[in-house]
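A.B. asks: I would like the atomic coordinates for the input below:
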Amino acid sequence: MTIEPARDVRRGTVDETAWFVAGGLLIAAGLITAVAVLRQWSLCGASPASQTCVALKQTMNLLPIQADTMALRVSWAAPLAALALTLATSAWIAFLLLHPLVRGIKIFGAGLAVTLVIMSIGGWLGVWSVESWVANGGVWITVGTISEFVAIAFLLYATMSRYPVNVVTTQRLAVLLFGVTAFGTMHQSAEFILLGLSNQAATGVPHYLGVGTALTLGLTGAGVIWMTLRARKNPRANAPSIAG
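C.D. replies: Residues are numbered from 1 along each chain as shown. Predicted structure coming up:
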């Protein structure tokens, strides 16, 4: 029988807490996004071919899910979407603060946090001022794209730095990063294409755009928690890094 040092036990507990908190926040973001999406698309509930629904499809935004005109916004849909974006950002910030990553990796992760915070600010700006949101639409799309590339660069750095994370942490990081950047431009574009395949003749954004974002947030959050629980049963604390 082996007894783990108290320091390792505490480190393992903090490690798990970071994953659980981040996963829980992503699940909450997914649920709130789903409510926001369903509320916004309720305008098409009675008749998808109605003038209101057609107008909504022509003025629907990718980041976050909200219409470009106040007249087409359903009550609470836009604030809930912005809140979900904020929770996804909070999931990453909470993870960085709680997880005992080495300093260099945390500093790189802070760079990703900055881009996510800017996206969150943009989301709330879209709630408070539709005109400003539309006028700076290109900026938010650019920031969303940058955040995804920074996330990819962070994962590469974390696995290939001087003190790389192990394989187990890398796997969970990949899932977590995919979730926290769910509102990114590439994610939204992929959802746009996938939903549009079923009706390629349609104009405007596909019906129920945003459901994929909600699923991404919820599934990645649940995945992070599940992977952490599985690692508790089969610990691999000394597993090698991807780079060996």
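A.B. asks: quick one: the nearest residue to Leu112 once chain neighbours are set aside from Val180, how far?
C.D. replies: Ranked by C-beta to C-beta, 6 or more residues apart in numbering and with sequence neighbours excluded, the top spatial neighbour of Leu112 is Val150, at 4.7 Å. Bear in mind the C-beta positions are built from the backbone N, C-alpha and C, glycine included. Distance of Val150 to Val180, computed by C-beta to C-beta, to the nearest Å: 11 Å.
A.B. asks: hmm, back to that, how many neighbouring residues does the residue nearest to Leu112 have?
C.D. replies: 21 (other C-beta atoms under 10 Å).
A.B. asks: what do you get for Gly30?
C.D. replies: 25.
A.B. asks: for Phe183, same thing?
C.D. replies: 32.
A.B. asks: Flag the shaky bits of the chain, pLDDT-wise.
C.D. replies: Counting by pLDDT under 70, the ranges of the chain that qualify are 1-12, 14, 62-64, 200-201, 235-244.
A.B. asks: could you list every residue that touches the residue nearest the centre of it?
C.D. replies: Central residue of the chain (C-alpha atoms, centre = their mean): Val180, 2.8 Å from the mean position. The neighbourhood of Val180, defined by C-beta atoms under 8 Å, 6 or more residues apart in numbering, consists of 22, 26, 88-89, 91-92, 112, 116, 151.
A.B. asks: Out of the residues you listed, list just those in helices.
C.D. replies: The members of those that map onto helices under DSSP state H are 22, 26, 88-89, 91-92, 112, 116, 151.
A.B. asks: and which of the residues you listed is nearest Ala67?
C.D. replies: Ala88 (20.8 Å; C-beta to C-beta).
A.B. asks: correct me, but the closest one touches Ala182?
C.D. replies: Yes - with contact defined as C-beta atoms under 8 Å, Ala88 and Ala182 form a contacting pair (6.1 Å).
A.B. asks: so where do the helices sit in this protein?
C.D. replies: Listed in chain order, the helices of the chain (DSSP H) span residues 6-40, 51-58, 77-98, 103-128, 130-135, 137-160, 167-180, 185-196, 211-233.
A.B. asks: among these, which is the most enclosed?
C.D. replies: helix 77-98 (a mean of 24; mean count of other C-beta atoms under 10 Å).
A.B. asks: from the chain's centre, how far out does stretch 148-164 sit?
C.D. replies: 18 Å (C-alpha atoms, centre = their mean, to the nearest Å).
A.B. asks: Now do it: everything it contacts.
C.D. replies: 101-102, 104-105, 108-109, 111-112, 115, 165, 169-170, 173-174, 177, 180-181, 184-187, 241-243.
A.B. asks: and if you look at stretch 19-28?
C.D. replies: By C-beta under 8 Å, 6+ apart, the surrounding residues in contact with stretch 19-28 are 87-88, 90-92, 94-95, 98-99, 172, 176, 179-180, 217-218, 220-225, 227-228.
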